[in-house]
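Participant: Could you look at this predicted model? Sequence included:
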Amino acid sequence: MTSTEAGALAPAPTQRKRPIGLLLVAVPVLLVLWLIIWPIIAAMIQTIWLPTPDGGRALSVSSYEFFVNDPYSRANLAITLWTTGVCAVLLLLVCLPIALYLRFSNSKIAAYVQGLAIFPMFVPSIILSFAFIRVLGPNGTVDLLLNSVGLPKIKSPYLTPWGPVIGLVWDNIPLTVLILLSGLGNVSNQAIEAARDVGAGRIALLWHIILPRLSNSILVAISFAVLGIFSSFTLPYILGPAAPEMMGPFMQRTFRDLFDPTNAITQAVITFGFCILFGLFYVRSVAKNRTP
Amino acid sequence: MSASAKISQPIDWTGIVFAVVLTLVIVVPLLVVGTWAFTNVWRFPSVIPQEFGLKFWYQTLARADVWSSITMSLTLATTVTVLSAIICLPAAYAFARLDFPGRDILFFSFLAGHAFPKFGLLVAIAGIFLQLNLIGTFWGVVLIQLVGTLLFMIWIPVAAFQAVDRRMEEAARDVGASPLRVFWSITLPQAGPTIAAALLLSFVGTFYETEGAWLIGAPQVRTLPVLMISFINNQPVIQYGAVLSVLLWVPSFIALLFARRVVNSGSFAKGFGA
């Protein structure tokens, strides 16, 4: 989590360059180099500089060729893209109305709605998975209630591709609402009143005044959600189907159960490739809030 | 609010609809889990449990694997938080107060991990750990969780140190206080509450960290969330999972009590790039 006061990294007061500062920041910086930068570089090198049968290593793209030509790997990538896309759309459809309501309402109910929308942040996804199974799983609460009024049981989303979708949307509601709400803070009441004065309706107001000012926040919220959902592990592992599986469980199984680090790391590099634009955009937005 | 203002306010139907839907979707599932935890018998198709009771609390708390994973989770979270504080707080102070070559670029380098999908990065790190024989070890999990705490254990305290009133520090220096004394008596008390919040976040975040612990640690290092995964997948007795869920939620509840105000403030969302 990156909660911070969104202040600038103000210029340090001491004007002399004092290398002692370097010494104080050395350990965390070295950790970033060793455990973030180096693994990413190593992953790319390792997957194209493959061992050869005679004991040496040679440049080769065979592990990527295997991924592209393997129907199962392709199906896993497809289900991941589908899940990420559906979640992103659903998140916007759910969170934008909530954020709009919270921005323009100051009733007591609004405080309750805001509290509820943020609450999932304090529910670990593992507890969410368990609650999902108890409510929507076979003989869960929904089945109990339907049965008690004589209706047939639902077709449970548990262990189908919709299982992770429901779980991931639930899990991502708080931050999406908060980011959109923060963006809506930039829409001034004057702009809205001015548009109302010239007779703009609700839809026109939303389309011409609010959405253009909100587009950057929407992109940030989507980028953050995509980065989290594309390689999510816990929810798809517990709630999703065994095959095809999302990239998170797929990488985990390839690495730990099939003892095939090369192919697992190849899959990781492929997820990096699909997310790189979202990642760079997201990091740029976070950094912009910290610089003057 | 005066009586006339109350009358003139129309009923907030949109709000009521949102409140009802969100209650059904967010609160009810958790209440169902809570109910299961205090249920001795609940057979289909009864809408309410046949028998309430604490039977499964005794049974769950009598299991050795539950206690060993509680101990493991607490040990891990404490170790990671202490290590993170030792290496990050001096660094945060340096970023806030000292000028040194490469200060800005190093400050933003902590964002690097957030440009990549997390589990992919974990797999890449696991590739490195494989060569170092850190897979399945306590310290392997400590390292991977430590990396996860760096960003906010540096960025939040930097903001805290920057918010300290410099005039008070200078005044203390003017009347002859040593730099160490100024840090101890002026700087730390003012920055303290924010730093405490960062430590709490770090502890709770590490306590629930599942993916690194599962990829690097399992099955040798079994934390509470990892045990919960195996309960969900292999345990036919529903109440074990329900009781464990209630136990698991305790640190989050404590965080909820302390963090509500921080989360609701605009600066929190800005930290996520909003």
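Facilitator: All right, it came through fine.
Participant: List the buried residues in stretch B:61-73.
Facilitator: In terms of neighbour count (16 or more other C-beta atoms under 10 Å in any protein chain shown), stretch B:61-73 has its buried residues at B:66, B:69, B:70, B:72, B:73. In short, each C-beta sits where N, CA and C put it, glycine included.
Participant: Which ones, among those, also lie beside chain A?
Facilitator: Among the buried residues of stretch B:61-73, not one lies near chain A by C-beta under 8 Å from any C-beta of the partner chain.
Participant: Relative to residue A:154, which of these is nearest.
Facilitator: Ranked by distance to residue A:154 (C-beta to C-beta), the buried residues of stretch B:61-73 are led by residue B:66 at 32.5 Å.
Participant: need the contact list for that closest one.
Facilitator: B:60, B:227, B:244 (C-beta atoms under 8 Å, 6 or more residues apart in numbering or on different chains).
Participant: Which ones among those map onto helices?
Facilitator: Counted as lying in helices by DSSP state H, out of those, are B:60, B:227, B:244.
Participant: Switch those residues over to TSV; also include pLDDT, neighbour count and distance to chain A.
Facilitator: Output for those, formatted as TSV (pLDDT from 0 to 100; neighbours: other C-beta atoms under 10 Å in any protein chain shown; distance: C-beta to the nearest C-beta, whole Å):
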residue	pLDDT	neighbour count	distance to chain A
B:60	89	20	14
B:227	92	25	10
B:244	92	27	8
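Participant: out of these, who's nearest residue B:103?
Facilitator: Among the ones in helices among the contacts of residue B:66, and counting by C-beta to C-beta, the member closest to residue B:103 is residue B:227, at 43.1 Å.
Participant: so the closest one touches residue B:65, yeah?
Facilitator: Yes: counting by C-beta atoms under 8 Å, residue B:227 does reach residue B:65; the two are 6.2 Å apart.
Participant: Which parts of chain B are strands?
Facilitator: Under the criterion DSSP state E, chain B contains strands at B:39-41, B:51-52.
Participant: Which one of these lies nearest to chain A?
Facilitator: Smallest distance to chain A across the strands of chain B (C-beta to the nearest C-beta): 11.1 Å, for strand B:39-41.
Participant: list the buried ones in the closest one?
Facilitator: By 16+ other C-beta under 10 Å, the buried positions in strand B:39-41 come out as residue B:39.
Participant: Walk me through which strands that strand pairs with, and which way each runs.
Facilitator: Note on strand B:39-41: by DSSP bridges, its sheet partners are strand B:51-52 (antiparallel).
Participant: hang on, the earlier thing: out of the buried residues of stretch B:61-73, which are inside helices?
Facilitator: Reading helices off the buried residues of stretch B:61-73 with DSSP H, I get B:66, B:69, B:70, B:72, B:73.
Participant: got those residues as TSV, with pLDDT columns?
Facilitator: Output for these, formatted as TSV (pLDDT from 0 to 100):
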residue	pLDDT
B:66	91
B:69	92
B:70	93
B:72	94
B:73	94
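Participant: Kindly state the pLDDT recorded for residue A:7?
Facilitator: For residue A:7, the model assigns a pLDDT of 44.
Participant: ditto for residue A:15
Facilitator: On the pLDDT scale, residue A:15 is placed at 50.
Participant: likewise residue B:81?
Facilitator: 96.
Participant: hang on, the earlier thing: can I get the contacts of residue B:66 in CSV including distance to residue B:21?
Facilitator: Listed next are the contacts of residue B:66 as CSV, based on distance: C-beta to C-beta, whole Å:
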residue, distance to residue B:21
B:60, 33
B:227, 33
B:244, 29
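Participant: and of those, the nearest to residue B:96?
Facilitator: Of all the contacts of residue B:66, residue B:227 has the smallest distance to residue B:96: 39.9 Å, by C-beta to C-beta.
Participant: how far away is that closest one from residue A:111?
Facilitator: 37 Å (C-beta to C-beta, to the nearest Å).
Participant: The closest residue to residue B:96 other than its chain neighbours: neighbour count?
Facilitator: Once flanking residues are discounted, residue B:96 sits nearest to residue B:161: 3.6 Å by C-beta to C-beta, 6 or more residues apart in numbering or on different chains. The local packing of residue B:161 (other C-beta atoms under 10 Å in any protein chain shown) involves 20 other residues.
Participant: in chain A, which ranges drop under the pLDDT threshold?
Facilitator: Low-confidence segments of chain A (pLDDT under 70): A:1-17, A:291-292.
Participant: quick one, phi/psi of residue B:63?
Facilitator: With angles defined as degrees, to the nearest 10, residue B:63 sits at phi -80, psi 130.
Participant: Residue A:121 touches residue A:172, doesn't it?
Facilitator: No: Residue A:121 lies out of contact with residue A:172 (C-beta under 8 Å); the separation is 9.8 Å.
Participant: which residues are common contacts for those two?
Facilitator: Overlap of the contact sets of residue A:121 and residue A:172 (by C-beta under 8 Å, 6+ apart) is empty.
Participant: Settle it for me: which of these two has more neighbours?
Facilitator: residue A:172 (24 against 19).
Participant: hang on, that one in a helix?
Facilitator: Yes: per DSSP: H, G, I helix; E, B strand; the rest coil, residue A:172 lies within a helix segment.
Participant: how near is it to chain B?
Facilitator: Counting by C-beta to the nearest C-beta, to the nearest Å, the gap from residue A:172 to chain B is 12 Å.
Participant: so who does the nearest residue to that residue once chain neighbours are set aside touch?
Facilitator: With sequence-adjacent residues excluded and distances taken as C-beta to C-beta, 6+ apart, residue A:172 is closest to residue A:225, at 5.1 Å. By C-beta under 8 Å, 6+ apart, residue A:225 lies in contact with A:87, A:88, A:91, A:172, A:175, A:176.
Participant: need the residues you listed in TSV with secondary structure, can you?
Facilitator: Shown next, in TSV, are the contacts of residue A:225 (three-state DSSP):
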residue	secondary structure
A:87	helix
A:88	helix
A:91	helix
A:172	helix
A:175	helix
A:176	helix
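Participant: Residue A:24: which of the residues you listed is nearest?
Facilitator: Nearest member of the contacts of residue A:225 to residue A:24, counting by C-beta to C-beta, is residue A:175, at 31.6 Å.
Participant: circling back to that earlier point, most neighbours, which of the contacts of residue A:225?
Facilitator: Neighbour max across the contacts of residue A:225 (other C-beta under 10 Å) = residue A:176, 28 neighbours.
Participant: one step back: closest one of the ones in helices among the contacts of residue B:66 to residue B:77?
Facilitator: Nearest to residue B:77 among those is residue B:227, at 14.7 Å by C-beta to C-beta.
Participant: how far away is the closest one from residue A:214?
Facilitator: 42 Å.
Participant: quick one: buried residues of the helix or strand containing residue A:229?
Facilitator: Counting by DSSP states H and E, the element that carries residue A:229 is helix A:211-230. Within helix A:211-230, the residues that count as buried by 16+ other C-beta under 10 Å are A:214, A:216-230.
Participant: Mind jotting down where the helices sit in the stretch 51-200 of chain B?
Facilitator: B:55-61, B:64-97, B:103-109, B:118-131, B:138-163, B:166-174, B:179-182, B:188-208 (DSSP state H, counting those that start in this stretch).
Participant: And for the stretch 101-250 of chain A?
Facilitator: A:108-118, A:125-136, A:141-148, A:162-184, A:189-197, A:202-204, A:211-230, A:234-239, A:247-252.
Participant: I'd like to check the angle between the fifth one and helix A:211-230, please.
Facilitator: Spelled out, that is helix A:189-197. Counting by axes from the mean of the first three to the mean of the last three C-alpha atoms, to 10 degrees, helix A:189-197 lies at 120 degrees to helix A:211-230.
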